[in-house]
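Asks: Sequence first, predicted model second:
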Amino acid sequence: MKKYLQIFNISFQQEFAYKLSFVMWRVRNIMQILVVFFLWDTVFSVRQSEIFGYDRDMILTYIFGLVFVKAFVLSSRTQDVAGEIARGEIINYLLRPVNYFKYWLTRDFSSKALNFMFAIGEFLLLYFILKPPFFFQSDPLQIILFLICLGLAMLTYFLLLFIVSAIPFWAPELGWGGHFIFTVIMVEFLSGVLFPLDILPMTFQNILGYTPFPYMIYFPLQIYLGKISGFFAIKGMLISLGWIFILWLLMKSIWEKGLRAYQAYGR
Amino acid sequence: MSKGIKESGEKAIIVDSLLKSFEFSEKQTGLLGGFKSLLAPKKKTIRALKSISFTINQGELVGFIGPNGAGKTTTLKILSGLLYPTSGFVQVIEHDPWKRDPKFLKNISLVMGQKNQLWWDLPARDTFNLNKEIYELADHKFKENLAELCKILDAEKLLDTQVRRLSLGQRMRLELIAALLHKPKVLFLDEPTIGLDVVGQQKIRDFIFDYNKRSSATIILTSHNMDDVIDLAKRVIVINKGEILFDGDLKDLTSKFAKEKIIKVYLGKSADIKKFENIGKVKRYNFPQAVISVPREASAIAAAELLQNFPVTDLTIEEEPIEEVIRRVFKGEIIK
């Protein structure tokens, strides 16, 4: 256990190693939120009432909620894994008595903890500047469900990332490509980062509901906002759990094959 | 010091009929080639190790010599569990390396020239503390080992500087410390002196020699640098194109295959090279120095002749340089 605490520490310190880069990262985060916020604000100032069933208040709430959910779920260092494999740096971890999977999970927590600290600050800053109509959930049950879903979401993203990161075992040059397709197309699009998923046609939503993607961003956020509760919340969580189990098995199998095929090149 | 280490007759490493082949798709050149590679990849198989066998006792320091691509690094990677053998039997300190049992990993170490384990942006001390936890070392043992290693490698002042700011030689020393903090029973060193200057190389060599004596660790060392091998290894395994060409004492290697001796003469006056040819093969002639090689048994007579018939001011008789010997072994000039 102490092993992983130390990994947590060193990972935290690593993030601060390049101070300017760190500051720029936070600035970028804030800019992203501002851009999306003003985009939707403008859209709604041109015409009042609703677009796709969302009015101005609702969509701005969604955008702001994204700040937090993204900070928790999508902040991850695990994207470095593909690079480590392609460059041969994974060798250092294969040689030591440390579980590579747990190692990255710990590093992820470290990254999320850091992100969270700053996300709170940025959230407050933006809230007081932009004064969006943000909804603060008061129902304790919803909050608990939300937190559980966040946990499931984090695990789901981590597993998906770990699976995609295994590509370099067979094709080192494709590491970045796989990651790009996965992150930009699948995650941002299908999980609700770019827009709330219930503006899509019903059939599409139903199909998506059986994939793991919406459960990373859209689903937890809707639970927080109180839009999904009771039966549907439980149903969603079970599907999410089911996916975590499947992905975990898939990940183990792919990694086992990957390590065997791995040629430990580089030196 | 010798806790857990059995008598030196104990076999630390057993390799039997080890075979390793790599399969990969050949990338064809050019744009058209790139497309062809995508649609109809040509599979190539490289037989990196063609059924090699050897055993190494606990506490031995063995040198692995071979040209580039011989299979040295592949062997080390298999022994440390990084690569999966295509076939054959491998056992290191009574473990199957591929299984990567934590008990196994806690007792080995692999140091490779380029793949550094020190975190680049942080001081080495942070990586050491990380390793302390990974290897589950007790506080006092960790402090003791660290102090000892720092003293020998003269690294006390380097611990708190960011690794990226250090020179290659300094980093190599710290890498060694990181690799030895947990006092492994088996140490694999892949080209440990590569890129270092003469002084740096000697420091590393002295350290390795000393470490082997003090801790009875089993050490396998690969190197191109003959000085490494001559200085450190009593026993050498010569490997080329995936096959073991020689496995035995370094002394035997030279005496068996060094059929010639080298005579170096310094001349007072310039002389006719052709006359040298009567005595032996002229390897080099840069007035005032001439280098001639003669058959081993004839070296004394040849020297006498040179002294008699040429204006010699100085003369030495030397063994054939070991690199030459090795080169000839690589070429397959072996007599069993």
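Replies: Perfect, thanks for sending it. These numbers come from a predicted model, not from an experiment.
Asks: Can you tell me what sits against stretch A:88-98?
Replies: With contacts defined as Cβ atoms under 8 Å, 6 or more residues apart in numbering or on different chains, stretch A:88-98 is touched by A:3, A:7, A:81, A:83-84, A:100, A:103, A:259, A:264-267, B:80-82, B:100, B:102, B:105-106, B:108-110, B:112, B:115-117, B:131, B:134-136. For the C-beta atoms, the positions are set from N, CA and C on the backbone; glycine is no exception.
Asks: Of those residues, which belong to strands?
Replies: B:108-110, B:112 (DSSP state E).
Asks: how about the residues of the stretch 1-150 of chain A that lie near chain B?
Replies: Contact residues (Cβ under 8 Å from any Cβ of the partner chain) of the stretch 1-150 of chain A with chain B: A:2-3, A:5-7, A:10, A:13-14, A:17-18, A:88-89, A:91-92, A:94-98.
Asks: out of those residues, which are buried?
Replies: By neighbour count, with 16 or more other Cβ atoms under 10 Å in any protein chain shown, these hold A:3, A:6-7, A:10, A:14, A:88-89, A:91-92, A:94-98 as buried.
Asks: With secondary structure and pLDDT added, can I get these in TSV?
Replies: Below are those laid out as TSV (DSSP: H, G, I helix; E, B strand; the rest coil; pLDDT from 0 to 100):
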residue	secondary structure	pLDDT
A:K3	helix	83
A:Q6	helix	85
A:I7	helix	86
A:I10	helix	84
A:Q14	helix	82
A:G88	coil	81
A:E89	coil	84
A:I91	helix	86
A:N92	helix	87
A:L94	helix	89
A:L95	coil	90
A:R96	coil	91
A:P97	coil	90
A:V98	coil	88
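Asks: closest to A:L39 among those residues?
Replies: The nearest member of those to A:L39, counting by Cβ to Cβ, is A:Q14 at 33.9 Å.
Asks: tell me the centre residue of the chain?
Replies: No chain in the question, so chain A it is. A:L74 (2.0 Å; Cα atoms, centre = their mean).
Asks: oops, I was thinking of chain B
Replies: Chain B has B:T222 as the residue nearest its centroid, 2.1 Å off, counting by Cα atoms, centre = their mean.
Asks: List the residues that contact that one.
Replies: Contacts of B:T222 by Cβ under 8 Å, 6+ apart are B:63-66, B:72-73, B:76, B:189-191.
Asks: any idea which element it lies in?
Replies: Per DSSP states H and E, B:T222 falls inside strand B:218-223.
Asks: quick one: average pLDDT of the helix or strand following that strand?
Replies: Where DSSP H and E defines the elements, the next helix or strand beyond strand B:218-223 is helix B:226-232. The predicted model gives helix B:226-232 an average pLDDT of 81.
Asks: May I see the buried residues of helix B:226-232?
Replies: For helix B:226-232, by 16+ other Cβ under 10 Å, it's B:226, B:228-229, B:231-232.
Asks: Throw those into CSV and include distance to chain A, thanks.
Replies: Listed next are those as CSV, based on distance: Cβ to the nearest Cβ, whole Å:
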residue, distance to chain A
B:M226, 21
B:D228, 17
B:V229, 19
B:D231, 23
B:L232, 21
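Asks: and which of those is nearest to B:R284?
Replies: B:M226 (18.9 Å).
Asks: pretty sure the closest one contacts B:E324?
Replies: No - shown here, B:M226 and B:E324 do not form a contact pair, counting by Cβ atoms under 8 Å, at 9.9 Å.
Asks: Next, the buried residues of stretch A:210-221.
Replies: A:212-221.
Asks: First-to-last residue distance for it?
Replies: 17 Å (Cα to Cα, to the nearest Å).
Asks: now that stretch, how far from the chain's geometric center?
Replies: Counting by Cα atoms, centre = their mean, to the nearest Å, stretch A:210-221 is centred 10 Å from the centre of its parent chain.
Asks: Give me the pLDDT value at B:T45.
Replies: For B:T45, the model assigns a pLDDT of 85.
Asks: so what's it up against?
Replies: B:21-23.
Asks: Three-state assignment for it, please.
Replies: strand (DSSP: H, G, I helix; E, B strand; the rest coil).
Asks: What's the separation between it and B:E23?
Replies: 5 Å (Cβ to Cβ, to the nearest Å).
Asks: can you list residues touching both of these two?
Replies: By Cβ under 8 Å, 6+ apart, no residue touches both B:T45 and B:E23.
Asks: Next, count neighbours for A:L141.
Replies: If you count neighbours by other Cβ atoms under 10 Å in any protein chain shown, A:L141 ends up with 12.
Asks: Also A:L125?
Replies: Neighbours of A:L125 using other Cβ under 10 Å come to 11.
Asks: what does A:Q137 give?
Replies: Look at A:Q137: counted by other Cβ under 10 Å, it has 14 neighbours.
Asks: State whether it is indeed within a helix.
Replies: No - A:Q137: not assigned to a helix; according to three-state DSSP it is coil.
Asks: List the contacts of it.
Replies: A:Q137 makes contacts with A:143, A:146, A:224-226, as judged by Cβ under 8 Å, 6+ apart.
Asks: do that again at 6 Å, thanks
Replies: A:143, A:224 (Cβ atoms under 6 Å, 6 or more residues apart in numbering or on different chains).
Asks: can you pull the pLDDT of it?
Replies: pLDDT, A:Q137: 75.
Asks: Phi first, then psi, for it.
Replies: Backbone torsions of A:Q137, given as degrees, to the nearest 10, read phi -70, psi 140.
Asks: Please report how far it lies from A:F219.
Replies: Between A:Q137 and A:F219 the distance is 15 Å, computed by Cβ to Cβ.
Asks: what do you get for B:S51?
Replies: Counting by Cβ to Cβ, the gap from B:S51 to A:F219 is 56 Å.
Asks: what residues does the lowest-mean-pLDDT helix or strand in chain A touch?
Replies: Lowest by mean pLDDT, DSSP states H and E among the helices and strands of chain A is helix A:175-180, with a mean of 72. Helix A:175-180 is contacted from outside by A:79, A:82, A:86, A:164, A:167-168, using Cβ under 6 Å, 6+ apart.
Asks: Report the distance from the helix or strand just after it to the chain centre.
Replies: Of the helices and strands lying after helix A:175-180 in sequence (DSSP H and E), the nearest is helix A:190. In terms of Cα atoms, centre = their mean, the centre of helix A:190 is set 12 Å apart from its chain centre.
Asks: Show residues contacting helix A:190.
Replies: Taking Cβ under 6 Å, 6+ apart as the rule, helix A:190 contacts A:F213.
Asks: Could you verify that B:L196 is part of a strand?
Replies: No - looking at B:L196 with three-state DSSP, it is coil, so not inside a strand.
Asks: How about the contacts made by it?
Replies: B:G169.
Asks: The helix or strand harbouring B:Q170 close to chain A?
Replies: Assigned by DSSP H and E, B:Q170 falls within helix B:168-180. No - under the criterion of Cβ under 6 Å from any Cβ of the partner chain, chain A is not reached by helix B:168-180; the shortest gap measures 9.2 Å.
Asks: what comes up buried for that helix?
Replies: Using 16+ other Cβ under 10 Å as the test for burial, helix B:168-180 gives B:169-180.
Asks: so what secondary structure elements neighbour that helix?
Replies: helix B:124-134, helix B:139-153 (3 or more Cβ pairs under 6 Å, 6 or more residues apart in numbering or on different chains; DSSP states H and E).
Asks: Next one: A:H179 from B:R327, what distance?
Replies: With Cβ to Cβ as the criterion, A:H179 and B:R327 are 46 Å apart.
Asks: Am I right that A:Q222 is in contact with A:I228?
Replies: Yes - between A:Q222 and A:I228 there is a contact at 4.4 Å, judged by Cβ atoms under 6 Å.
Asks: what about A:L174, how many residues close to it?
Replies: For A:L174, using other Cβ under 10 Å, the count is 14.
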